[in-house]
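[1] The sequence and its predicted three-dimensional model are supplied below.
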Amino acid sequence: MQIAIQRPAQIGGQITRISTATTSILIDLGHNLPGNGDEDMLDNAQAIAELTKGCSAILYTHYHGDHIGLFHHVPDNIPQYIGSVAKQVVCRKYQQLSYLPEEKGKTLFQQAIIIASNMRTFQPQQTLHFGDIAVTPYFVSHSAYDSYMFLIEAEGKRILHTGDFRGHGYLSKGLEPTLKHFIGQVDVLIIEGTMLARPDEKVRTEMDLCREAADQMKVYKYVFVHCSSTDLERLASFKNANNRMNPQRPLIVDTFQKDILDLFSQTAGFRSPCFDFDKAFTYSNSHHKLLRWMLTNGFTMFVRATLKFHACLERLLPILPPAETLFIYSMWSGYITNGNTQNAAYLKLQNLFSNSKIVHLHTSGHATSEVLCKVCNLTNPRLTIIPIHRDKLTDFKSTGINSPLQKKIVTESCSVNGIDIIL
């Protein structure tokens with residue numbers, strides 16, 4: 001057996017190939033994140049054709065670009081698999097991007113829609129078979145809904161690939177029972193380590209974030225929120241905070257966000273009212289009744305760093321009292337503060353609120369050191385632990401795992417009990 005991982009010692013852009021003598025599968029096909037090099041040398045059809053040669057299938061843990069971003073280069077004869085809701089999010093995202101005016105981008109996005117719509121889907125805990133490799137997906141909480149870890153079984157070995165996950169989301173309560181009752185001990189643990197590079201970052205639960213947001217909304221009447229438009233749990237936190245306001249305030253969105261919220265309501269919302277967004281309202285300049293309600297009672301509006309929202313805000317902000325207006329930034333701070341990962345569009349959006357109160361209110365989509373340690377203990381890998389999706393300067397031993405497990409950490413190419421590991 002061979003386990004080969006592209007770009008293991010960076011955050012994002014990982015590609016894991018697991019091969020037996022007769023079968024190969026890939027897990028994730030991610031694009032580099034900002035700060036990992038402006039040009040991704042794999043971002044072309046020729047490179048991906050070479051990388052995927054002989055591959056039976058590609059399985060995606062979730063829909064973030066650093067895990068799925070190269071999917072549109074995959075040859076048509078290789079099946080690609082993703083969660084059923086995640087597939088719909090990908091299709092809606094690229095449909096929205098196809099409306100951009102640039103012709104070059106429009107063609108690329110239209111092609112991506114076709115490829116994404118042809119993706120196959122899997123269901124949690126339903127095993128897929130590719131030759132002599134079996135793959136079982138297990139649901140996890142992450143800042144992308146419908147995310148999964150994969151249990152891979154082949155040649156008598158059990159390999160757990162965690163994908164991105166966390167222990168402090170609304171949907172995290174199933175993590176420990178899943179590991180205890182369905183997965184158990186494994187031979188190889190391939191585990192993310194994003195938060196090892198951020199030891200001082202405050203990690204709230206989503207419930208705590210919701211309470212803090214509600215406290216801010218009690219002080220500020222007109223609230224604008226910049227968060228990921230496809231992060232179910234974060235959207236729910238702000239929706240639920242807004243619902244606590246009295247008198248009732250409308251939750252304001254644009255047509256794309258409404259489409260995503262409707263999808264989440266029909267799927268996650270079917271299981272829990274926490275994720276039911278049926279009372280979100282689509283903003284329009286001509287919707288005078290809605291505008292009167294917004295001005296009278298206050299509101300919470302989800303915004304994005306686009307020209308459309310800039311135009312909307314340039315009309316709306318002048319009629320709102322700055323002392324009663326709040327802008328909440330709810331994404332990773334590095335997109336605002338770090339030079340090599342800074343996003344100019346995000347800064348430009350935030351600068352529109354220079355006369356108003358600005359608050360950064362965020363929590364990570366990734367597992368803390370404590371949760372990483374717990375996963376290692378619960379799966380108790382017999383052979384090896386391979387940390388990925390991590391800063392190259394971090395040490396996985398800092399999670400606090402016990403000495404016998406520390407000795408099983410692998411960060412360089414080697415062979416372990418008949419498994420060739422290429423890093």
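    Sure thing, it's come through.

[2] CA only for contacts and neighbour counts going forward, please
    OK.

[3] helix/strand/coil for F139?
    strand (DSSP: H, G, I helix; E, B strand; the rest coil).

[4] How about the contacts made by it?
    With contact set as CA atoms under 8 Å, 6 or more residues apart in numbering, F139 has these partners: 124, 146-149.

[5] before we move on, what SS does I401 have?
    Put simply, I401 is coil when judged by three-state DSSP.

[6] if I pick it, what's in contact with it?
    373, 376-377 are the contacts of I401 under CA under 8 Å, 6+ apart.

[7] Just the pLDDT for it.
    For I401, the model assigns a pLDDT of 97.

[8] Would you mind stating the distance between it and F309?
    Distance from I401 to F309, counting by CA to CA, to the nearest Å: 46 Å.

[9] Equivalent analysis for H287, please.
    To F309, H287 is 16 Å away according to CA to CA.

[10] tell me the secondary structure for the most centrally placed residue in the chain?
    Computing the C-alpha centroid of the chain and ranking residues by CA atoms, centre = their mean puts A144 first, at 3.6 Å. Assigned by three-state DSSP, the conformation of A144 is coil.

[11] Now do the contacts for it.
    The contact partners of A144, by CA under 8 Å, 6+ apart, come to 62-64, 230-232.

[12] which regions of the protein sit below the pLDDT cut-off?
    Scanning the chain for pLDDT under 70 picks out 35-39, 103-104.

[13] what do you get if the cut-off is 90, keeping everything else the same?
    33-40, 99-108, 200-202, 284-286, 334, 337-342 (pLDDT under 90).

[14] residues near D276, how many?
    Close neighbours of D276, defined as other CA atoms under 10 Å, add up to 22.

[15] and if you look at G30?
    The burial count for G30: 26, using other CA under 10 Å.

[16] And for V89?
    22.

[17] quick check, it in a helix?
    Yes. With three-state DSSP as the criterion, V89 is assigned to a helix.

[18] so it makes contact with D262?
    No. Using CA atoms under 8 Å, V89 is not in contact with D262, being 11.1 Å away.

[19] which residues touch H129?
    Contacts of H129 by CA under 8 Å, 6+ apart are V135.

[20] Am I right that it falls within a strand?
    Yes. Under the criterion used here (three-state DSSP), H129 sits inside a strand.

[21] hang on, the earlier thing: and the residue nearest to the centre of the chain, backbone torsions?
    A144 adopts backbone torsions of phi -130, psi 130, taken as degrees, to the nearest 10.

[22] Measure how buried R158 is and give me the count.
    Quick note: R158 (other CA under 10 Å) scores 20 neighbours.

[23] list the helices and strands the lengthiest helix in the chain packs on?
    Of all segments of type helix in the chain, defined using DSSP state H, the longest is helix 255-271. Judged by 3 or more CA pairs under 8 Å, 6 or more residues apart in numbering; DSSP states H and E, the packing partners of helix 255-271 are helix 84-97, strand 280-282.

[24] now these as CSV including distance to P177?
    Listed next are the helices and strands packed on helix 255-271 as CSV, based on distance: least, CA to CA, whole Å:
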stretch, distance to P177
helix 84-97, 23
strand 280-282, 34
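
[25] Could you say which one of the ones you listed comes nearest to G131?
    G131 lies closest, by CA to CA, to one member of the helices and strands packed on helix 255-271: helix 84-97, at 22.9 Å.

[26] Report the next helix or strand after that closest one in sequence order.
    Following helix 84-97 in sequence order, the next helix or strand is helix 103-117 (DSSP states H and E).
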